[in-house]
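# Fold the following for me, if possible:
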Amino acid sequence: MEDPTAHRVWDTALGQLQLQVTRPNFDTWLKDTVGLRTENGSFIVGTPSDFVSEWLSAKMGPVIAKTVSGILGRPVTLRFQVVAPQGNGHGHAADLPPLDGAPSIAAVISSPAAAKKLNAKFTFERFVIGDSNRLAAAAALAAADQSGAVYNPLFIYGGPGLGKTHLLQAIAHRLSSAQRPALYVTSEQFTNDFLTALDQKRQDEFRRRYRSPQVLLVDDVQFLAGKDRTQEEFFHTFNDLHGDGCQVVLTCDRPPRTVTGLEDRLCSRFQWGLIADIQPPDEETRLAILQSKALEQRIEITPEVARLVADRAQDNIRELEGFLNRIAAYASLTRSPITIDIASQALNALTPPTASAPPSPEAIIEGVALYFNLPTAAILGPTRARPVAEARHIAMYLLREDAQLPLKLIGRLLGNRDHSTVIHGCRKISTYVKTAKGRRQLSDVQAQIRSLP
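Residues are numbered from 1 along each chain as shown. Modelled structure (predicted):
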């Protein structure tokens, strides 16, 4: 029998584990698990099969035990128990006919019954829209309702936990309600199916599967980078579908031109349609998401508690939901109402994240030059041509805001410029980043800098 408290503790643990393991590992081994109960110092986790129990115990036992112990505030041992599928929206996507005798994890969505095997919460109705994601949400809805007619391909990019997968599966759910065939798959699943087909000499079957749907939805295309044979196959798959007027929707953690190891011809095709970004949500949107999640889970929180959570999780919606679940679990375990003090205790018990070191001045200048496709010497040189000046002003701003350098040093680094020139450049970009276009461009430049080795 399930214990509601154990269920909530495990939901909180899953939120934290999702940030510690790769998505394929999470989807394959953890997604279908459930917290059952605590018993004699043990925490019992329900799994769909003995194989999953054995794998989790052998490969992830210590990590899971440490995570659950941290949430409960006391050490626990783990036990795994096979249970029937829960039907709670956390199951795998509908299986395709297997290539190798084992179920494929690509999902063909062509009916409401099949769509139930996606995450049931990932619908358009449950996607909270704000300034940071409005374009991506509107484009995804248009791609679902007018597949192949507008925004083809649609390329949605943004950091982890901002809602890219939510939008992709929302398209799948909407298509299933209209009984229109679509294929939802991660790039890693595409790669695995392709390699299996090669090994078994069943490429024709693979191509029929991937080139027959009216809509192809591919998550995390950055993982195609560096896989030459897979990129070759995906290139032909894309061309075949696009040429037939079929809709292609892709998600990625960065813009196509900044994905190192992605072939130019694929990068070019990804830019044929619409590129829509999702930025970290502003405070208003974070509060709206919290209210939506709290209402969904019947958790009562005050505006003060909501603001505390929103301030602690500014860049990641998954983290936002994880914090809310942690507070609810903590309050339930201590049998306390959710007050600002209880919420603070629950969140302060978490290990504070390690602050990342600021980027080096060299990395900032190199990243800006790469983003604008300019030689570094041009940014450091005397030219005032508009593209170079724009890049130089952004370098000034980032050297000031991200690297926290003094104005005189920034001037010296950028070709011995006067500090008044640096002030002018920083002020210009400060005004520019108040616009949606400016925020997007600055975020893209920062992503380019972070991607440098």
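
# Need the three-state assignment for the residue nearest to residue 447 when sequence neighbours are not counted.
Nearest non-adjacent residue to residue 447, counting by C-beta to C-beta, 6 or more residues apart in numbering: residue 254, 5.0 Å away. C-betas here are computed from N, CA, C, even on glycine. Under DSSP: H, G, I helix; E, B strand; the rest coil, residue 254 falls in the coil class.

# Kindly report the same for residue 218.
strand.

# mind checking pLDDT for the closest residue in space to it that isn't next to it in sequence?
The spatially closest residue to residue 218, leaving aside those adjacent along the chain, is residue 250, at 5.0 Å (C-beta to C-beta, 6+ apart). Looking at residue 250, its pLDDT stands at 96.

# Surely residue 250 forms part of a strand?
Yes. Assessed by three-state DSSP, residue 250 belongs to a strand.

# mind listing what it touches?
153-156, 218, 221, 270 (C-beta atoms under 8 Å, 6 or more residues apart in numbering).

# Just put those residues in CSV and tack on pLDDT and distance to residue 392.
Written out in CSV, the entries for the contacts of residue 250 read as follows (pLDDT from 0 to 100; distance: C-beta to C-beta, whole Å):
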residue, pLDDT, distance to residue 392
153, 93, 34
154, 95, 33
155, 96, 29
156, 96, 31
218, 95, 37
221, 93, 32
270, 94, 29
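
# Could you identify the most distant pair in those?
Using C-beta to C-beta, the contacts of residue 250 reach their maximum pairwise distance at 154 and 221, which is 12.0 Å.

# These two: which is more packed in?
Per other C-beta atoms under 10 Å, whichever of residue 154 and residue 221 has more neighbours is residue 154, with 27 against 23.

# does that one really touch residue 271, like I thought?
No. With the criterion set as C-beta atoms under 8 Å, residue 154 and residue 271 do not qualify as a contacting pair; they are 11.4 Å apart.

# For residue 204, which three-state class applies?
The three-state label given to residue 204 by three-state DSSP is helix.

# What's the local residue count around it?
Residues within reach of residue 204, counting by other C-beta under 10 Å, total 9.

# Could you check how far it is from residue 198?
Distance of residue 204 to residue 198, computed by C-beta to C-beta, to the nearest Å: 12 Å.

# And residue 395, by the same measure?
Taking C-beta to C-beta as the measure, residue 395 and residue 198 are separated by 46 Å.

# ok, now residue 83?
Taking C-beta to C-beta as the measure, residue 83 falls 36 Å from residue 198.

# Please apply the same query to residue 13.
Between residue 13 and residue 198 the computed distance is 38 Å (C-beta to C-beta).

# what about these two, which has more around it?
The neighbour comparison of residue 13 against residue 198 (other C-beta under 10 Å) goes to residue 13, with 27 against 14.
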